[in-house]
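Visitor: give me a 3D structure for the following:
(chains A and B)
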Amino acid sequence: MNTNESNHNPTSDFIRDIVADDVQSGKHTRIITRFPPEPNGYLHIGHAKAICIDFGVAAEFNGECHLRMDDTNPAKENMEYVESIRNDVRWLGFDWGPHFYFSADYFERMYEAAATLIRKEKAYVCELTMDEWKDYRGIPTQPGKPSPFRNRPIGESLDLFARMRAGQFPDGTLCVRAKIDMSSPNLHLRDPVMYRIMRAHHYRTGDKWCIYPTYDFAHPLEDAFENITHSLCTLEFEVHRPLYDWFLRELEFPQPPRQIEFARLNLTYTVLSKRRLLELVRDGLVNGWDDPRMPTIAGLRRRGFTPASIRTFCKRIGVTKFDGYTDIALLEFCLREELNRTAPRAMAVLNPVKVVIENYPAGQEEWLEAVNNPEDSSAGTRQVPFSRELYIEADDFMEDAPRKFFRLAPGREVRLRYGYLVTCTGFDKDPVTGRITQVRCNYDPATRGGNAPDGRKVKGTIHWVSAPHAVRAEVRLYDRLFKAEHPEEVSAGQDYKMNLNTESLKVIHALVEPGLANPAPDIRFQFERKGYFIQDRVDFRQDSPVYNQIVPLKDSWTKTAATE
RNA sequence: UGCCCGAUGGUGUAAUGGUAGCACAACAGACUCUGGAUCUGUUUGUUCUGGUUCAAGUCCAGAUCGGGCAACCA
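Guide: Okay, the predicted model is just below:
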């Protein structure tokens, strides 16, 4: 995208306005942003919003966006997460080019920067224990008091800092603090920790370091090292901004990056925090990070969401500083909108009941032409087999049907999609369970393809599969992970997990048209009148097909039926 | 009771001192070989109180409500 196009970009927001101003004023000639996840979990749809903003802004201004692993806490981070993050960002459709970085690669420069601050008397080595520090720090309504080590000689701090690095002190005993303002109303400015001693194996630097920089110290440096112009992050870092600016000022970076905060995404009927998601995975409440019910990118991918629909969603929710809840229905809308346009249709009977066409010759079969996608004529047609015995949805037959039921019932005529008009002549019922075991029909041979030569109309069209040709498939029906709109809003003493939807996964066995046994990989189908489905990327096999429901079709009938 | 940030229909978002608009959702109707899609229509909004101004959602003051901040997490 060139800058000319960006001038015509109809969707702007307060961040893009700032960036545009900075370009216009000549403050920056090249825009550089970054997406800096910590590799301590899988990315979720909330990160997708941030990714779309970070990469999107850079692209619109013809700049670049760096992907950076913010790995300053080795206790929580690992390579599996690094790889998953790279995969997910790529899958979403973004390209960081050569700009893939690790914070850990800056540790030496960060160490030097900390030493510089000590030499400037802007930092010192503190020996207070964490408990002692609590007293010194004070509380929001009361100022803190200076650490007794605050004014120790520069040389002493420098020496201690070097010995911290050399491993001469136990974990947590000493730390390096920035010397700022112990009476600041902003707690983050009350001599925050820059370096702590932590003997943990780092997935990238191994055991080279036993001291690690904190986020507050590391982040502005990483941004500055990479010449980031706009450091976009979520609202909770707003109170950290004065500290971010302080480090950059004291270290005299000539072109300091500017941090701008936006509201993180909250979605109804799910949780969106790494901690919660990790808990769901670890406690086995879902089947891993890529469980199709998870709001993780990996979960959405396996569920069958498209990258484009997620990007569209992120565009539509906008960028503001208002911390609200976005209706998950909007995400589903973006998906349906795309899939309606692109998904080939197929017929699959999820809850089968047998139909016998009594006036259709036994043993006969014929192949009927079916349209692949009525929204896209270029998708062509396919042949589907038809025979005397079929399966239809149990829901599509009613023994005693109300007027507005436009499907099969004794004496009523319906269209079999792309097949024939059939009239129900009777049915069989299990005398014990009352279950319908078989529906009997007659067909009108003159209506092949679904149209009656005499012009008579039928109100209902139902889908079907030919019994001898049908393929058995496992179908996994997914519903919202939580039954509460705001799962985290529970009364004191209660846990958000009580809001888990116990019906979020239903496994059923369906009978599907033969073409669904061996589809090209990654094809999202619309099972007509039911929903969108994709083969499960893990469990699908030709001899035992497994389909995931991505999202059901909108269904106005259940509402109508409910008001009957 | 400290500091920071925010507040526009049910939800999300636009209007940058000049007609409150868009999308989702909901509802109604039309159409339909998917009770899908499509089309049409309807309902619902500037938190409050003052002030500045010819004119305020927008600027100012105060209030109310909501969110964030007291890891050697990010």
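
Visitor: show residues contacting the host helix or strand of residue A:298.
Guide: In the assignment (DSSP states H and E), residue A:298 maps to helix A:297-303. Here helix A:297-303 makes contact (Cβ atoms under 8 Å, 6 or more residues apart in numbering) with A:42-45, A:47-48, A:84, A:87-88, A:91-92, A:289-294, A:310, A:478, A:534, A:536-538, A:548, A:550. Using the backbone N, CA and C atoms, a C-beta is placed for each residue, glycine as well.

Visitor: which PyMOL command selects the buried ones in these?
Guide: Those of the contacts of helix A:297-303 that count as buried under 16 or more other Cβ atoms under 10 Å are selected in PyMOL with:
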select buried, chain A and resi 42+43+44+45+47+48+84+88+92+289+290+291+292+293+294+310+478+534+536+548+550
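
Visitor: which ones among the contacts of helix A:297-303 map onto helices?
Guide: Counting by DSSP state H, the part of the contacts of helix A:297-303 found in helices is A:45, A:47-48, A:84, A:87-88, A:91, A:310.

Visitor: within reach of RNA strand B, which of the residues you listed are there?
Guide: For RNA strand B, no contacts are drawn from the ones in helices among the contacts of helix A:297-303 by Cβ under 7 Å from any atom of the strand.

Visitor: which one of those residues sits closest to residue A:354?
Guide: Using Cβ to Cβ, residue A:310 comes nearest to residue A:354 of those, at 40.6 Å.

Visitor: make CSV from the ones in helices among the contacts of helix A:297-303 and add distance to residue A:528 to it.
Guide: Below are the ones in helices among the contacts of helix A:297-303 laid out as CSV (distance: Cβ to Cβ, whole Å):
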residue, distance to residue A:528
A:45, 28
A:47, 35
A:48, 30
A:84, 35
A:87, 33
A:88, 32
A:91, 28
A:310, 25
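
Visitor: and which of those is nearest to RNA strand B?
Guide: Distance to RNA strand B across the ones in helices among the contacts of helix A:297-303 (Cβ to the nearest atom of the strand) is lowest for residue A:47, with 11.1 Å.

Visitor: and the pLDDT for the closest one?
Guide: Residue-level confidence at residue A:47 comes out at 98, pLDDT.

Visitor: in this structure it contacts residue A:36, no?
Guide: No: counting by Cβ atoms under 8 Å, no contact exists between residue A:47 and residue A:36, whose distance comes to 10.8 Å.

Visitor: quick revisit: out of the ones in helices among the contacts of helix A:297-303, who's nearest residue A:116?
Guide: Lowest distance from residue A:116 to the ones in helices among the contacts of helix A:297-303 (Cβ to Cβ) belongs to residue A:47, with 33.4 Å.

Visitor: OK, contacts around the closest one?
Guide: By Cβ under 8 Å, 6+ apart, residue A:47 lies in contact with A:37, A:88, A:297.

Visitor: could the residues you listed go into CSV alongside pLDDT?
Guide: Converted to CSV, the contacts of residue A:47 look like this (pLDDT from 0 to 100):
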residue, pLDDT
A:37, 98
A:88, 98
A:297, 98
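
Visitor: for stretch A:488-502, what is the average pLDDT?
Guide: The model assigns stretch A:488-502 a mean pLDDT of 90.

Visitor: which residues of the stretch 1-150 of chain A lie near RNA strand B?
Guide: When proximity is defined as Cβ under 7 Å from any atom of the strand, the stretch 1-150 of chain A approaches RNA strand B at A:12-14, A:17, A:36, A:38, A:70, A:72-73, A:76, A:126, A:128-130, A:133-134, A:137, A:139-141.

Visitor: mind listing which of these are in strands?
Guide: Judged by DSSP state E, these include residue A:126 as members of strands.

Visitor: spell out which residues of the stretch 401-550 of chain A are next to RNA strand B.
Guide: So the stretch 401-550 of chain A meets RNA strand B at A:404-407, A:415, A:417-418, A:449-451, A:457, A:460-462, A:526, A:528-529 (Cβ under 7 Å from any atom of the strand).

Visitor: which among those residues end up buried?
Guide: The buried subset of these (16+ other Cβ under 10 Å) comprises A:405-407, A:415, A:417-418, A:450, A:461-462, A:526, A:528-529.

Visitor: can you pull out the low-pLDDT segments for chain A?
Guide: Residue ranges of chain A with pLDDT under 70: A:1-10, A:564.

Visitor: how about the helices of it, start to end?
Guide: Using DSSP H, helices in chain A cover A:3-7, A:14-24, A:45-60, A:79-91, A:107-119, A:130-137, A:154-165, A:215-225, A:241-250, A:274-282, A:297-303, A:307-317, A:328-342, A:557-563.

Visitor: may I see the ChimeraX selection of the buried members of the residues of the stretch 1-150 of chain A next to RNA strand B?
Guide: Entered in ChimeraX, the line below selects the buried ones among those, by 16+ other Cβ under 10 Å:
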select /A:36,38,70,72,73,126,128,133,137
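
Visitor: can you tell me the closest non-neighbouring residue to the residue of the stretch 201-350 of chain A found nearest RNA strand B?
Guide: Closest to RNA strand B within the stretch 201-350 of chain A is residue A:324: 2.2 Å, counting by Cβ to the nearest atom of the strand. Spatial nearest neighbour of residue A:324, excluding adjacent residues (Cβ to Cβ, 6 or more residues apart in numbering): residue A:266 at 6.8 Å.

Visitor: okay, the residue nearest to residue A:404 when sequence neighbours are not counted and RNA strand B: tell me how far apart.
Guide: Leaving aside its sequence neighbours, residue A:404 sits nearest to residue A:560 (Cβ to Cβ, 6+ apart; 6.0 Å). In this structure, residue A:560 and RNA strand B are 5 Å apart, going by Cβ to the nearest atom of the strand, to the nearest Å.

Visitor: cool, and residue A:95?
Guide: Counting by Cβ to the nearest atom of the strand - residue A:95 and RNA strand B are separated by 23 Å.

Visitor: for residue A:551, which non-adjacent residue is spatially closest?
Guide: residue A:332 (5.2 Å).

Visitor: sorry, back to before: against residue A:406, how distant is the residue nearest to residue A:404?
Guide: Between residue A:560 and residue A:406 the distance is 10 Å, computed by Cβ to Cβ, to the nearest Å.

Visitor: domain parsing of chain A, as residue ranges.
Guide: By the assignment in automatic domain parsing, chain A contains the domains A:4-99+A:219-329, A:107-213, A:348-469, A:471-563.

Visitor: stretch A:62-71: how far from the chain's middle?
Guide: 20 Å (Cα atoms, centre = their mean, to the nearest Å).

Visitor: that stretch: which residues count as buried?
Guide: A:63-71.

Visitor: what's the closest of the residues you listed to RNA strand B?
Guide: The closest of the buried residues of stretch A:62-71, once distances to RNA strand B are taken by Cβ to the nearest atom of the strand, is residue A:70, at 3.6 Å.

Visitor: now do the contacts for that closest one.
Guide: Counting by Cβ under 8 Å, 6+ apart, residue A:70 has contacts A:36-39, A:103, A:215, A:218-219, A:222.

Visitor: same check, this time on residue A:199
Guide: A:167, A:171, A:210.

Visitor: pretty sure the last one sits against residue A:165.
Guide: Meaning residue A:210. Yes: Residue A:210 is in contact with residue A:165 according to Cβ under 8 Å; the separation is 7.3 Å.

Visitor: one step back: of the residues of the stretch 401-550 of chain A next to RNA strand B, which belong to strands?
Guide: A:415, A:461-462, A:526.

Visitor: of those residues, closest to RNA strand B?
Guide: residue A:461 (3.8 Å).

Visitor: now the closest one: closest residue in space, sequence neighbours ignored.
Guide: That would be residue A:415: by Cβ to Cβ, 6+ apart, it lies 4.3 Å from residue A:461.

Visitor: and for residue A:326, the neighbour number?
Guide: 17 (other Cβ atoms under 10 Å).
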